[in-house]
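Enquirer: here is the input, now give the coordinates:
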Amino acid sequence: MDLPIPYFNSMSEALTTLFHEKIKISGTRRITGGDINRAYGLSLSDGTQLFMKSNTPDNISFFKTEAAGLTAMASTGAVRTPRLLCYGSDSEENGFSFLLMDFLSPSKPASDYWEVLGEELAAMHQADTAGFVSEGRYGFFCDNYIGSGNQSNVIHANWTEFFRSCRLEPQFRRAGRYFNTAEQRDISHLLNHLDDLLIEPDHPSLLHGDLWSGNVITGNDGRAWLIDPAAYVGHAEADLAMTELFGGFPAAFYDAYKKAAPLQPGYDDRRDLYNLYHLLNHLNLFGTAYLSPVKRILGKYT
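Expert: The predicted model follows:
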């Protein structure tokens with residue numbers, strides 16, 4: 001799957017090509033939120049408003065893979081994502097990489113905001129995934145990131161094997177120093193018996209991959225827009241579980257989702273196992289504040 005957006009060697013080249021030669025940046029404002037990339041609102045001399053993410057030049061892969069995920073989700077026609085304009089790397093003074101997209105001006109959420117999002121996410125999870133994987137059912141056409149951590153998306157034919165080898169095993173390896181000998185045995189037991197705990201989905205689904213409330217924003221239309229994906233093809237349950245990890249979404253969201261796409265029996269028993277992946281990632285990125293919930297879930301399944 002090729003990115004449908006162009007690459008530019010400088011911000012000035014990007015603006016000149018996308019707009020016109022006389023366009024200039026008339027204003028820049030820093031936007032707070034996120035701890036990986038810097039974010040800015042750009043005002044152009046013709047009144048256009050843009051959103052820009054930036055990082056160091058060697059971290060341009062953050063933006064290439066984010067664009068791939070947003071493009072994949074948008075291609076399903078099921079959910080709202082910001083329109084991507086371009087990405088690139090500027091080698092001028094204090095060089096930087098960047099991703100440009102439309103600026104969303106939040107408005108008041110529609111009265112059926114959460115119901116519609118539940119229906120839209122269910123539709124995305126039911127969309128065809130053949131264009132995102134090759135010679136298999138689970139994974140993605142490129143590796144990407146979960147936060148700032150590397151996320152492997154090697155193609156697998158079996159969901160449980162994918163979740164074991166591409167999700168839990170790499171995170172447990174990175175977190176090895178946090179576990180004693182007995183806990184290491186519990187980890188091996190969990191990984192070796194994952195087939196007894198997870199089930200294969202009725203069909204593979206394109207996932208957002210990092211679906212918590214911070215990655216859902218209200219757009220100009222009062223509807224939910226999805227940002228900052230860690231996209232891959234997997235079991236829809238993994239996305240739904242993530243929505244419940246940090247506070248959860250309103251009941252209206254879950255009711256609408258389950259009406260549109262009924263869950264397989266036993267989801268509640270599997271939810272914490274899916275979220276173990278995200279808690280391990282937080283442990284590896286942010287430290288021991290996440291060790292207790294990791295060990296609680298490890299104990300639950302061993």
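Enquirer: okay, now Asp202: neighbour count?
Expert: A count of neighbours around Asp202, defined by other C-beta atoms under 10 Å, yields 12. Bear in mind the C-beta positions are built from the backbone N, C-alpha and C, glycine included.
Enquirer: now the longest helix anywhere in the chain: how far from the chain's centre is it?
Expert: Across the chain, the longest stretch assigned as helix under DSSP state H is helix 267-286. Offset of helix 267-286 from its chain centre (C-alpha atoms, centre = their mean, to the nearest Å): 14 Å.
Enquirer: repeat that for stretch 260-273.
Expert: Per C-alpha atoms, centre = their mean, the centroid offset for stretch 260-273 relative to its chain is 20 Å.
Enquirer: and the next helix or strand past the longest helix of the chain?
Expert: Using DSSP states H and E, the helix or strand that follows helix 267-286 in sequence is helix 291-301.
Enquirer: contacts for that next one, please.
Expert: 175, 178, 183, 186-187, 190, 197, 272-273, 275-276, 279-280, 283 (C-beta atoms under 8 Å, 6 or more residues apart in numbering).
Enquirer: re the thing from before, so the longest helix of the chain versus helix 291-301, what angle?
Expert: Counting by axes from the mean of the first three to the mean of the last three C-alpha atoms, to 10 degrees, helix 267-286 lies at 150 degrees to helix 291-301.
Enquirer: show me which pair in the contacts of helix 291-301 is furthest apart.
Expert: Distance extremes for these: the farthest pair is Tyr178 and Leu197 at 21.8 Å, using C-beta to C-beta.
Enquirer: look at those two and report which has more neighbours.
Expert: Neighbours were counted for Tyr178 and for Leu197 using other C-beta under 10 Å; Tyr178 has more, 17 against 14.
Enquirer: what residues does that one make contact with?
Expert: Residues in contact with Tyr178 (C-beta under 8 Å, 6+ apart) are Leu283, Thr288, Leu291, Val294.
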